[in-house]
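> sequence isn't available, so here's the structure alone:
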């Protein structure tokens, strides 16, 4: 069983930056692809970014490309999401997810088997 705990959310002004962390335990982190998703109340959970197990390939939603950077430190069993030039529309609860089962689904919810409980990001205008 894989446990994921997000941290680093908070309140920030538009144009500011935040760095989210996702600490993993209970599994072999270096074997998993990791993803970040976000969800506003009443909306669907949407893909934000993903990184393959090796860290060599990353994927981004068009809405965050050029502003957000996903990374991982396999020695620390932690994935990160660096968020710059934040906009009010980035406000959401951010979830990290682990992709244990091998597939090509890196950008959809059904590609991930384990989820954290989320960390809230609020961007004020």
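Cool, the structure landed. In this text the structure is predicted, and so the values were computed from the model without any measurement.
> for stretch 5-25, which positions count as buried?
The neighbour-count check on stretch 5-25 (16 or more other C-beta atoms under 10 Å) flags 6, 8, 9, 12, 18, 20, 21, 22, 23, 24 as buried. Where C-beta positions appear, they are placed from N, C-alpha and C, glycine not excepted.
> stretch 56-66 too?
Quick answer for stretch 56-66 (16+ other C-beta under 10 Å): 59, 60, 61, 64.
> residues contacting the second one?
If I follow you right, that is residue 60. The contact partners of residue 60, taken as C-beta atoms under 8 Å, 6 or more residues apart in numbering, are 48, 49, 68, 70.
> could you pick out which of these are located in strands?
48, 49, 68, 70 (DSSP state E).
> closest to residue 28 out of these?
Nearest to residue 28 among the ones in strands among the contacts of residue 60: residue 70, at 19.4 Å, using C-beta to C-beta.
> before we move on, which element is the closest residue to residue 117 other than its chain neighbours in?
Spatial nearest neighbour of residue 117, chain neighbours left out: residue 6 (7.1 Å); criterion: C-beta to C-beta, 6 or more residues apart in numbering. Secondary structure from DSSP states H and E places residue 6 in strand 3-7.
> equivalent analysis for residue 76, please.
Under DSSP H and E, no helix or strand contains residue 76.
> check the offset of stretch 38-54 from the chain's centre.
6 Å (C-alpha atoms, centre = their mean, to the nearest Å).
> cool, stretch 98-112 as well?
13 Å.
> what's the answer for stretch 103-121, then?
So, by C-alpha atoms, centre = their mean, the centroid of stretch 103-121 is 8 Å from its chain's centroid.
> right, I'll leave it there.
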